[in-house]
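J.: Okay, here's the prediction I keep looking at, along with the sequence it came from:
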Amino acid sequence: MTHQMTEPAAEFHESHAPSSIRSDSNTFDRHSSGDGTGNVFQGVPEHLPDELMTSLLTGQHIRVERIVSQGHTSPADFWYDQNQHEWVLLLHGAARLQFEDRHLEMKSGDFVHIPAHQKHRVDWTSPTEQTIWLAVFYDGP
C-alpha cells in the first residue's frame with residue numbers, strides 16, 4: 001500500500017503534536033527503582049486508548065523513550081520532521097514506518113536510524129498485540 005503526501009511536512013515541535021504523540025514528562029523514570037534500573041516491559045496498561053510515550057533517560061544531548069502502540073498510527077496529515085537524529089529499536093510487536101520515498105516493515109529486533117529532518121510517520125502498528133519501541137533521540141553529525 002502506498003500513500004501520497006497531500007500536505008508538506010511541518011517541523012516537529014512537541015507542543016504542536018497531536019495529544020496521542022506528546023510525551024508525558026510526569027512519567028520520567030516512573031519504571032525505575034530509583035537506582036537507574038528498570039524494565040521496559042513493566043508498567044504497560046492492558047488497554048491503550050492513545051500511544052504511550054515514557055521518558056526513560058534525558059540528558060543535555062540525548063533522550064531515551066519507551067513507546068507503546070497497539071493499532072496506533074500518526075495522523076494522516078502529520079509527518080515528523082525532528083531537529084534530532086533518532087535511532088529506533090522495535091522490541092516487541094510489528095509496525096510499518098513511512099518515509100517520503102518508501103515504507104519500512106519492522107518486526108521484533110529490527111532497528112532503524114532516522115537522520116534529523118528526515119520526514120517520517122508511523123503508518124501501521126499491530127492491532128492484535130502491543131508494539132514496544134525503544135527510541136533514542138540525540139544531537140550530532
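T.: Now that the structure is in, tell me what you want to look at. This one's a predicted model, so the numbers in the text were calculated from it and none came from an experiment.
J.: in which helix or strand would I find the residue of the chain positioned farthest from its centre?
T.: For the chain, the C-alpha farthest from the mean C-alpha position belongs to residue 35; by Cα atoms, centre = their mean, that distance is 25.2 Å. Following DSSP states H and E, there is no helix or strand that holds residue 35.
J.: and the gap between it and residue 42?
T.: Between residue 35 and residue 42 the distance is 15 Å, computed by Cβ to Cβ, to the nearest Å. (C-beta placed from N, C-alpha, C; glycine too.)
J.: Same question for residue 135.
T.: As defined by Cβ to Cβ, residue 135 lies at a distance of 18 Å from residue 42.
J.: quick one: which of these two has more around it?
T.: Comparing residue 135 with residue 42 by other Cβ atoms under 10 Å, the one with more neighbours is residue 135, at 17 against 8.
J.: tell me the contacts of that one?
T.: 64, 65, 66, 67, 86, 87, 88, 89 (Cβ atoms under 8 Å, 6 or more residues apart in numbering).
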